[in-house]
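Chemist: have a look at this fold, sequence not included:
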């Protein structure tokens, strides 16, 4: 498969210019661009450049605010309820995670929830901010209903991602960043865009039956929870998705489940609920980072079932992808994604467009 290699600075500038073209504040545009580029750099292509047009359209249609800043509505020394003011998700996310970290520095834990937010990119972007303060970070968000619960055939939950990041020694870390659906919707969209089938266990058709046709999943069907069908433990993923709603929709007082607008339908504000947590290990047993390094080394040192496939811990695949991008001198994008985004940029009068530094093969 051929891919287009693009310098990440060029992608960052391109996304910023597209957001500025529809009236986004410069610092808000920068916040969004940084999240999307980091998603691509880490290999989460479903939440990077591929998503840019969605944010632009939300601003264009007036269902996402261009001006203002998030505001604290209620707080204690360890907790806060934030009104996201219907701003871009990364703007709300950065505000909330910074607040959670500051609270954790003072009292050992910070638990911040927000309503009135929007799609915020990869959940790991926020949990990892706590690593710089040598803390554990967590991030959760609800989303538009895209997931069909176990035994059902109607979407009632979002992909509702969870992320936990924990520091180890020498800059090493544990970084879990995952949807509570079997995959993120963007991966289905990328397969559909390329004309590829999807693995069984990613989604179902309108009757709740597992399907490998991305079109059936995207048109009337839905994603399935982690675990797939009931026989393979899908009810566990269903439970995790509802747990995220407890932390986000219920605590924050945002929209939740089927009350959230339909995915990519810009008829009203999304009003997503999000949760950001920071925990200071210094307030607990000493030697946390040492034990984290030990458990990471223990698992990375296991003999692999397949000699060519080393055992990886959460965050390792992303680190490998980042090193790959550094060695290549850019981020490798599928050609169709670049074309779609360039065509979209033309429609809003943005130039220069993305240019491929080179074409590489996987």
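Modeler: Done, it's in. Computed from a predicted model, the values in this text were never measured in an experiment. Residues are numbered from 1 along each chain as shown.
Chemist: so who does residue 232 touch?
Modeler: Applying CB atoms under 8 Å, 6 or more residues apart in numbering to residue 232 gives the contacts residue 201. C-beta: built from backbone N, CA, C; applies to glycine.
Chemist: next up, phi/psi of it, please.
Modeler: Phi and psi for residue 232, reported as degrees, to the nearest 10, are phi -110, psi 20.
Chemist: what about the helices in the stretch 51-200 of the chain?
Modeler: Counting by DSSP state H, counting those that start in this stretch, the stretch 51-200 of the chain has helices at residues 52-60, 89-107, 124-127, 185-194.
Chemist: now these in JSON lines, please, with extra columns for mean neighbour count, mean pLDDT and distance to residue 28.
Modeler: Below are the helices of the stretch 51-200 of the chain laid out as JSON lines (neighbours: other CB atoms under 10 Å; pLDDT from 0 to 100; distance: least, CB to CB, whole Å):
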{"stretch": "helix 52-60", "mean neighbour count": "20", "mean pLDDT": "96", "distance to residue 28": "9"}
{"stretch": "helix 89-107", "mean neighbour count": "22", "mean pLDDT": "98", "distance to residue 28": "5"}
{"stretch": "helix 124-127", "mean neighbour count": "28", "mean pLDDT": "98", "distance to residue 28": "15"}
{"stretch": "helix 185-194", "mean neighbour count": "20", "mean pLDDT": "84", "distance to residue 28": "22"}
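Chemist: between these, which one is nearest to residue 286?
Modeler: helix 89-107 (17.2 Å; CB to CB).
Chemist: gap between the closest one and the chain center?
Modeler: Distance of helix 89-107 from the chain centroid (CA atoms, centre = their mean, to the nearest Å) equals 17 Å.
Chemist: list the contacts of the closest residue to residue 118 other than its chain neighbours.
Modeler: Nearest residue to residue 118, sequence neighbours excluded (CB to CB, 6 or more residues apart in numbering): residue 89, at 4.3 Å. Counting by CB under 8 Å, 6+ apart, residue 89 makes contact with 117, 118, 119, 120, 121, 141, 272, 274.
Chemist: including pLDDT and neighbour count, could these go into JSON lines?
Modeler: Shown next, in JSON lines, are these (pLDDT from 0 to 100; neighbours: other CB atoms under 10 Å):
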{"residue": "117", "pLDDT": "98", "neighbour count": "34"}
{"residue": "118", "pLDDT": "98", "neighbour count": "27"}
{"residue": "119", "pLDDT": "96", "neighbour count": "22"}
{"residue": "120", "pLDDT": "98", "neighbour count": "29"}
{"residue": "121", "pLDDT": "97", "neighbour count": "25"}
{"residue": "141", "pLDDT": "98", "neighbour count": "31"}
{"residue": "272", "pLDDT": "98", "neighbour count": "29"}
{"residue": "274", "pLDDT": "98", "neighbour count": "32"}
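Chemist: in what helix or strand does the nearest residue to residue 351 once chain neighbours are set aside lie?
Modeler: Spatially, and ignoring its direct neighbours in sequence, residue 351 is nearest to residue 345 (7.4 Å; CB to CB, 6+ apart). Take DSSP states H and E as the rule and residue 345 turns out to sit in helix 335-347.
Chemist: quick one: distance of that helix to the chain centre.
Modeler: 22 Å.
Chemist: okay, now the sheet partners of the next helix or strand after that helix, with direction.
Modeler: Counting by DSSP H and E, the next helix or strand C-terminal to helix 335-347 is strand 358-361. Partners of strand 358-361 in the sheet, by DSSP bridges, are strand 2-6 (antiparallel).
Chemist: can you give me the buried ones in the strand it pairs with?
Modeler: Using 16 or more other CB atoms under 10 Å as the test for burial, strand 2-6 gives 3, 4, 5, 6.
Chemist: who are the packing partners of the helix or strand following that strand?
Modeler: Going down the chain from strand 2-6, the next helix or strand is helix 8-20, by DSSP H and E. In terms of contacts (3 or more CB pairs under 8 Å, 6 or more residues apart in numbering; DSSP states H and E), helix 8-20 is packed against helix 26-41, helix 52-60, helix 335-347.
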